[in-house]
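Q: 3D model of this:
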Amino acid sequence: MFQEKIQIKGKIHVQLFDKDGKLKDERLNHNVVCALGDAYTANCVTDNTTTYMGWMAVGTGADAGATPTALTTENDRNALTSTTQGAGAADNDVIYVANWAAGDATAAITEAGIFDQNTLGGTMFVYAYFAAINKGASDTLAITWTVTFGAS
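A: Residues are numbered from 1 along each chain as shown. Below is the predicted model:
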């Protein structure tokens with residue numbers, strides 16, 4: 001018997017800008033879909049009371065591994081700037097964007113995650129660990145995260 005399983009994969013694009021808006025540093029990495037993220041996706045399909053992903057957090061910790069449930073060392077969590085669905089051939093993509101202003105999340109950022117709550121805890125949908133991006137007090141940070149849903 002033929003069996004399909006929906007595959008969820010994603011990529012994160014982290015961009016650091018100086019006070020004049022010039023790109024200083026960037027990372028493009030794949031992410032880990034968290035075990036709770038899989039369950040969250042199933043809940044969205046079956047349960048109209050599911051809390052939607054609305055926040056992105058950045059941290060300064062070590063790699064949380066293959067089955068993370070939280071950032072290792074969370075530094076700051078912001079509301080998503082936007083959430084959009086791709087169009088045409090990319091209509092199975094969801095694009096999450098979050099921004100950090102000057103003075104916000106000033107640190108050596110090494111990890112990020114998308115959450116369904118604005119405080120510590122909650123369900124982490126996807127997680128990424130990357131080489132440090134050193135966000136100074138006058139820098140701004142933009143993260144664009146594309147999650148793709150498709151058959152494996």
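
Q: quickly note the distance from A57 to D47.
A: Using C-beta to C-beta, to the nearest Å, A57 is found at 24 Å from D47. Every residue, glycine included, has its C-beta placed from N, CA and C.

Q: out of these two, which sits in the busier spot?
A: Neighbours per residue (other C-beta atoms under 10 Å) separate A57 from D47, with A57 holding more: 24 against 8.

Q: sheet partners, orientation included, of the helix or strand that contains W145?
A: Element membership for W145 (DSSP states H and E) is strand 140-151. Sheet pairing for strand 140-151, assigned by DSSP bridges, gives strand 6-17 (antiparallel), strand 93-100 (antiparallel).

Q: buried set for the lowest-mean-pLDDT helix or strand in the chain?
A: Lowest by mean pLDDT, DSSP states H and E among the helices and strands of the chain is helix 35-46, with a mean of 74. For helix 35-46, the neighbour count (16 or more other C-beta atoms under 10 Å) marks 36-37, 40-41 as buried.

Q: can you confirm E26 is in a strand?
A: Yes. Checked against DSSP: H, G, I helix; E, B strand; the rest coil, E26 lies within a strand.

Q: switch the strands paired with strand 140-151 over to TSV; also include distance to T81.
A: Shown next, in TSV, are the strands paired with strand 140-151 (distance: least, C-beta to C-beta, whole Å):
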stretch	distance to T81
strand 6-17	13
strand 93-100	5
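
Q: can I get those in JSON lines with mean neighbour count and mean pLDDT?
A: As requested, the strands paired with strand 140-151 are arranged in JSON lines below (neighbours: other C-beta atoms under 10 Å; pLDDT from 0 to 100):
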{"stretch": "strand 6-17", "mean neighbour count": "18", "mean pLDDT": "91"}
{"stretch": "strand 93-100", "mean neighbour count": "19", "mean pLDDT": "96"}
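
Q: of all the ones you listed, which one is nearest Q117?
A: With C-beta to C-beta as the criterion, Q117 lies closest to strand 93-100 of the strands paired with strand 140-151, at 14.4 Å.
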